[in-house]
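K.L.:
Below are the sequence and a predicted model for it; my questions follow.
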Amino acid sequence: MATTPELKIGLATDGDADRIGLYDEDGNFVDAHHILLILIHYLHKYKNMTGKVAIAFSVTDRVKRMSEAYGLPVEVTPIGFKYISEIMTQEDVLVGGEESGGIAVKGHIPERDGIYDGLLIYRFMTETGKTLKQLCEEVYSVVGTFVYDRHDLTIDNSLKEAIINKAGADGYTTFGKYTFSRTEKIDGVKYHLDNGGWVMLRASGTEPLLRVYAEGNSKEETADILSEVKKTIL
């Protein structure tokens, strides 16, 4: 009699379980960017489902890359799940999500649900017999490898405002050795780096924090990007 291989995964949610984070079999954190990609990949490629992908401004551009590869339309919103929920109540949306772990999927409620999202990924794993790391590798085969991180800086409010104002006025031209040729200003300022990664500066709307987001091609590069950004702005 065949036996199902043991699948190891850790699921974490916030207090009201509307946000999700995962841990793979080696104890590595799997962030919301990867979870979004896994869910799009599963629902479209394995379940033949379609619909728009709605993402907050701080989500990785790899979602756009996967959606383009799969012929799915994408809409980018300001940060705040209310913008995604509004789209989901009016349009056919396959997956909607934000960087902070709030994700909603087609066929469920138009709102964040970390438990439901986790159960979908559990089902993906059991149906394929693949580990979470192997599912991430499937995603990388479509969008390439990447590593994301975010530092929240508690700084004087006047300095925070000065940094945001300078960013909004295109006052930063490089971050150390990291150059960029394109920016977006939907909610905060996102810098698309010439190495394929990105940086984003945004003041928290609810806390006295300056959020510094970064994505690189490796853990070491992402850490270095964050270091260079902080040297530049502080």
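P.N.:
Sure, I can see it.
K.L.:
Okay, now the unreliable bits of this protein?
P.N.:
1-6 (pLDDT under 70).
K.L.:
Which stretches in it count as helices?
P.N.:
Taking DSSP state H as the test, the helices found in the chain are 32-41, 62-70, 81-90, 114-128, 132-143, 157-168, 219-233.
K.L.:
so what secondary structure elements neighbour the shortest one?
P.N.:
Spelled out, it's helix 62-70. Packing partners of helix 62-70 (3 or more Cβ pairs under 8 Å, 6 or more residues apart in numbering; DSSP states H and E): helix 32-41, strand 52-56, strand 74-77, helix 132-143. For glycine as for every other residue, the C-beta is placed from the backbone atoms N, C-alpha and C.
K.L.:
Ok, which of these comes nearest E91?
P.N.:
strand 52-56 (5.7 Å; Cβ to Cβ).
K.L.:
coming back round to it: out of the helices of the chain, which comes closest to D187?
P.N.:
Closest among the helices of the chain, using Cβ to Cβ: helix 81-90, at 9.3 Å.
K.L.:
ok, and what's touching that closest one?
P.N.:
With contact meaning Cβ atoms under 8 Å, 6 or more residues apart in numbering, helix 81-90 is reached by 52, 54-56, 75, 77, 93, 96-98, 102, 104, 110-112.
K.L.:
Which parts of this structure belong to which domain?
P.N.:
Annotated domains of the chain cover 10-143, 147-233 [automatic domain parsing].
K.L.:
Tell me the span between the first and last residue of the last one.
P.N.:
Across its full length, domain 147-233 reaches 22 Å between end residues, using Cα to Cα, to the nearest Å.
K.L.:
now the longest one
P.N.:
Taking Cα to Cα, domain 10-143 runs 24 Å from one end to the other.
K.L.:
For that domain, what is the distance to the chain centroid?
P.N.:
Remark: domain 10-143 is offset 9 Å from the chain centroid, using Cα atoms, centre = their mean, to the nearest Å.
K.L.:
Likewise for stretch 206-222?
P.N.:
With Cα atoms, centre = their mean, you get 11 Å for stretch 206-222.
K.L.:
For it, buried residues please.
P.N.:
L209, L210, R211, V212, Y213, A214, E215, G216, E221, T222 (16 or more other Cβ atoms under 10 Å).
K.L.:
ditto for stretch 13-21
P.N.:
T13, A17, D18, R19, I20, G21.
K.L.:
out of those, which one sits closest to I38?
P.N.:
I20 (11.1 Å).
K.L.:
who does the closest one bridge with?
P.N.:
Legend: beta-bridge partners of I20 under DSSP bridges are T13.
K.L.:
these two touch, right, it and H34?
P.N.:
No - counting by Cβ atoms under 8 Å, I20 does not reach H34; the two are 10.9 Å apart.
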